[in-house]
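Visitor: curious how this folds, go ahead:
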Amino acid sequence: YIDEIRIVGTTNVDTEPLGNDTYSARHYKYKNAGQIAGLGNDSNDMNVPEAWNLVSVASDIVVAVIDTGVELGHADLNLVTGYDHDGTVGGSPRSNHGTAVAGNVGAIGDNSLGVMGTAPSVKIMPVYMGGTEAQIANAIDTAVANGADILNNSWGWVNVFSQDIEDAITDALAANVVVLFATGNGPDRSPWTYDVAFPANLCGTTDVICVGASSPTDEHKAAASSDGYFSWGSSYLGHGPDVVAPGPWSYSTDRTGVDGYNDGALIDPSDPASADYTPVFGGTSSATPKVAGIVALMLSANPDLTPAEVKQALRNTAEDIDIPGVDDKTGAGRVNAYRAVQNVLPPPDLSGWTFGLELHNYQPTDQDVVLGSAANSVPTDNDILGYDRDIAFRIFAEKNNCRLAYFKGQWDGSYNASGRAGTYFVALDHPNATYGGYDEVSAVADDLELAIYDLGCSVDINTTGPSSVDAYGGLRYVDYSNDMTATYTGGTTGT
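Guide: Numbering: from 1, shown residues only. The predicted model follows:
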């Protein structure tokens, strides 16, 4: 009898694109807007675009895709010299799998083509792994010998062990190379179990990173999870996974033309270029390269990380999903790219900076301020112009006559100057400012928080809220309590 009927919608649902790539709006794993049959939302993705705001992919990071080979002429992949398992130049595809894996790692972003990886444009080294234990061990050695920083391995076997392969992995980790393996796809093939495959099951005793798969709604990916892919589930019995990442319904690169998973019929039959991409790549084979791309972002932020530190950071920053706490099925949780990168950013260089706290209790009276007129609106240093403000404290940091000031206070919102409610000026100490060094600030809430860089210097600030630069070159700042980074370059222009 039938105990459940499930309707799964099309994967071809466009939402707001992440860039100008053809299918960038369909990456639910980066920005989940329910592209897969309305499943999930922005809390069910890997926060990858947010991580891109923290760091760009370093030009010297190389991810080796140890697999069945990669389409060497694919226009959407930034490929370096590839190799066969014996160390000879090669890496061409023997089947479809490796090309799709490579795209999930690092398909080029914002090139008006196809898709983007979690580490857009990262250098990818194709390595054809062969089929015997000795060949696979040699493939790992070859990738390390030719400068790979990260090894993606979307393959494995259940109830199989190879000392040669384990030794090659041990040597790679000793060379400070980060090694990732897929847990396996559960009962999709013999022996029809959820046992974690070898070598992924080494993660319990080594620094290998073992990656499982999650669904678009942050479940453990299983035959009965929300995505409707009944044929496979993410392996978890034994050691692993460390973390999980979205697995099913992934757009990625494919072998070109009629070769590959997509013969041209799966996306847009009227567009021959669509045959170079697949909308249905899945499995832990797809989850693992997404995490490998996140590792590339982490190493771009901090190239001194060790494999153990990368593994621990991924686990520490993962989003707890499915069963509460660390569990067998999802490990530490679904990866969070933003938190992982943020966690490993080196501390800022604070040499030469001085810091201070100043307590104030300003209660100025209403004043006639003509907005937009330098002659009538220039205050003196540290004046607050407006009505019924109560600035509780000011924290500042100063270096080479450049001052960052942070204000916290209260405002009743009743002030109206020249017909513009809620506008006042803050003047900061600055010896290089020729007209008082003030910034125009608009507030839209009773609780006022300001973070302003002073004039005359080039600095960066992590703060909250949207900002723009006013006609006088000061930073104009409105607090909406949304994280952002503002950069002020001084003078009359800036961002």
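Visitor: make it CA atoms for all contacts and neighbour counts henceforth
Guide: Noted.
Visitor: so who does the residue lying closest to Ala275 once chain neighbours are set aside touch?
Guide: Of all residues beyond its chain neighbours, the one nearest Ala275 is Gly264 (4.1 Å), with distances taken as Cα to Cα, 6 or more residues apart in numbering. Contact analysis of Gly264 by Cα atoms under 8 Å, 6 or more residues apart in numbering lists Gly257, Val258, Asp271, Pro272, Ser274, Ala275, Asp276.
Visitor: Val48 now?
Guide: Applying Cα under 8 Å, 6+ apart, the residues contacting Val48 are Tyr30, Lys31, Thr118, Ile294, Asn336, Ala337, Tyr338.
Visitor: what does the pLDDT read for it?
Guide: Per-residue confidence (pLDDT) for Val48: 96.
Visitor: with Arg476 instead?
Guide: Confidence score, pLDDT, at Arg476: 31.
Visitor: swap in Ser481?
Guide: For Ser481, the predicted pLDDT is 30.
Visitor: and Thr15, by the same measure?
Guide: For Thr15, the predicted pLDDT is 65.
Visitor: same check, this time on Ser351
Guide: 76.
Visitor: same deal with His430?
Guide: At His430, the pLDDT recorded in the model is 35.
Visitor: so where is the stretch 201-350 of the chain shaky, pLDDT-wise?
Guide: By pLDDT under 70, the low-scoring segments of the stretch 201-350 of the chain are 350.
Visitor: for it, what spans make up the helices?
Guide: 284-301, 307-317, 337-344 (DSSP state H, counting those that start in this stretch).
Visitor: in a markdown table, list those helices along with mean neighbour count.
Guide: Output for those, formatted as a markdown table (neighbours: other Cα atoms under 10 Å):
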| stretch | mean neighbour count |
| --- | --- |
| helix 284-301 | 29 |
| helix 307-317 | 20 |
| helix 337-344 | 22 |
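Visitor: format those helices as CSV; extra columns: distance to Tyr128.
Guide: Formatted as CSV, those follow (distance: least, Cα to Cα, whole Å):
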stretch, distance to Tyr128
helix 284-301, 16
helix 307-317, 23
helix 337-344, 28
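Visitor: nearest to Gly69, of those helices?
Guide: Taking Cα to Cα as the criterion, Gly69 comes closest to helix 284-301 out of the helices of the stretch 201-350 of the chain, the separation being 14.0 Å.
Visitor: just to revisit the earlier point, which of the contacts of Gly264 count as buried?
Guide: Buried by 16 or more other Cα atoms under 10 Å: Ser274, Ala275, Asp276, out of the contacts of Gly264.
Visitor: among those, name the ones in strands.
Guide: If you go by DSSP state E, those have nothing in strands.
Visitor: what is the nearest of those to Asn138?
Guide: Asp276 (30.1 Å).
Visitor: what's near enough to touch the closest one?
Guide: Thr253, Asp254, Arg255, Thr256, Gly257, Gly260, Asn262, Gly264.
Visitor: farthest-apart pair in the contacts of Val48, please.
Guide: Those two in the contacts of Val48 that are separated most widely, counting by Cα to Cα, are Lys31 and Ile294, at 14.8 Å.
Visitor: what lies in contact with the strand or helix carrying Ile169?
Guide: Following DSSP states H and E, one finds Ile169 within helix 163-174. By Cα under 8 Å, 6+ apart, the residues outside helix 163-174 that reach it are 133-134, 136-138, 140-141, 144, 178-179, 199, 207-208, 307.
Visitor: swap the cut-off to 6 Å and go again
Guide: For helix 163-174, contacts defined as Cα atoms under 6 Å, 6 or more residues apart in numbering pick out Ala137.
Visitor: buried ones in that helix?
Guide: Ile165, Ala168, Ile169, Thr170, Ala172, Leu173.
Visitor: if I look at the nearest residue to Val55 once chain neighbours are set aside, how far off is Ala337?
Guide: Nearest residue to Val55, sequence neighbours excluded (Cα to Cα, 6+ apart): Ala301, at 6.1 Å. According to Cα to Cα, to the nearest Å, Ala301 and Ala337 sit 12 Å apart.
Visitor: just Gly212 next, same as before
Guide: Applying Cα to Cα to Gly212 and Ala337 gives a distance of 16 Å.
Visitor: and if you look at Thr354?
Guide: Taking Cα to Cα, one finds Thr354 at 33 Å from Ala337.
Visitor: now swap in Trp249 and tell me
Guide: 19 Å.
Visitor: Asp60 now?
Guide: From Asp60 over to Ala337 (counting by Cα to Cα), the distance is 20 Å.
Visitor: phi, psi of Ser43?
Guide: With angles defined as degrees, to the nearest 10, Ser43 sits at phi -90, psi 0.
Visitor: so how many other residues sit close to the closest residue in space to it that isn't next to it in sequence?
Guide: Once flanking residues are discounted, Ser43 sits nearest to Asn32: 7.5 Å by Cα to Cα, 6+ apart. Residues lying near Asn32 (other Cα atoms under 10 Å) number 24.
Visitor: in which helix or strand does Asn32 reside?
Guide: Going by DSSP H and E, Asn32 is not part of any helix or strand.
Visitor: thought it was touching Leu39?
Guide: No - taking Cα atoms under 6 Å as the definition, Asn32 is not a contact partner of Leu39, at 8.4 Å.
Visitor: if we can go back for a sec, OK, contacts around the residue nearest to Ser43?
Guide: Contacts of Asn32 (Cα under 6 Å, 6+ apart): Asn41, Asp42, Asp45.
Visitor: got the residues you listed as JSON lines, with secondary structure, neighbour count and distance to Gly90 columns?
Guide: Compiled in JSON lines, those are given as follows (DSSP: H, G, I helix; E, B strand; the rest coil; neighbours: other Cα atoms under 10 Å; distance: Cα to Cα, whole Å):
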{"residue": "Asn41", "secondary structure": "coil", "neighbour count": "16", "distance to Gly90": "41"}
{"residue": "Asp42", "secondary structure": "helix", "neighbour count": "15", "distance to Gly90": "40"}
{"residue": "Asp45", "secondary structure": "coil", "neighbour count": "26", "distance to Gly90": "35"}
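Visitor: the stretch 1-150 of the chain: helices as residue ranges?
Guide: 48-52, 97-106, 133-145.
Visitor: which one of those lies nearest to Asp84?
Guide: helix 133-145 (6.9 Å).
Visitor: what comes up buried for that closest one?
Guide: Buried residues in helix 133-145, defined by neighbour count with 16+ other Cα under 10 Å: Ala134, Gln135, Ile136, Ala137, Asn138, Ala139, Ile140, Asp141, Thr142, Ala143, Val144.
Visitor: nearest residue to Glu219 in space, please, no chain neighbours.
Guide: Per Cα to Cα, 6+ apart, closest to Glu219 is Asp322, 5.1 Å.
Visitor: and which of the contacts of Val48 is nearest to Val243?
Guide: Of the contacts of Val48, the one sitting nearest to Val243 (Cα to Cα) turns out to be Asn336, at 9.9 Å.
Visitor: from memory the closest one sits against Arg315, does it?
Guide: No - under the criterion of Cα under 6 Å, Asn336 makes no contact with Arg315, lying 9.5 Å away.
Visitor: name the element Asn185 belongs to?
Guide: Applying DSSP H and E, one finds Asn185 in no helix or strand.
Visitor: so what's the residue count around it?
Guide: 29.
Visitor: repeat for Tyr236
Guide: The burial count for Tyr236: 29, using other Cα under 10 Å.
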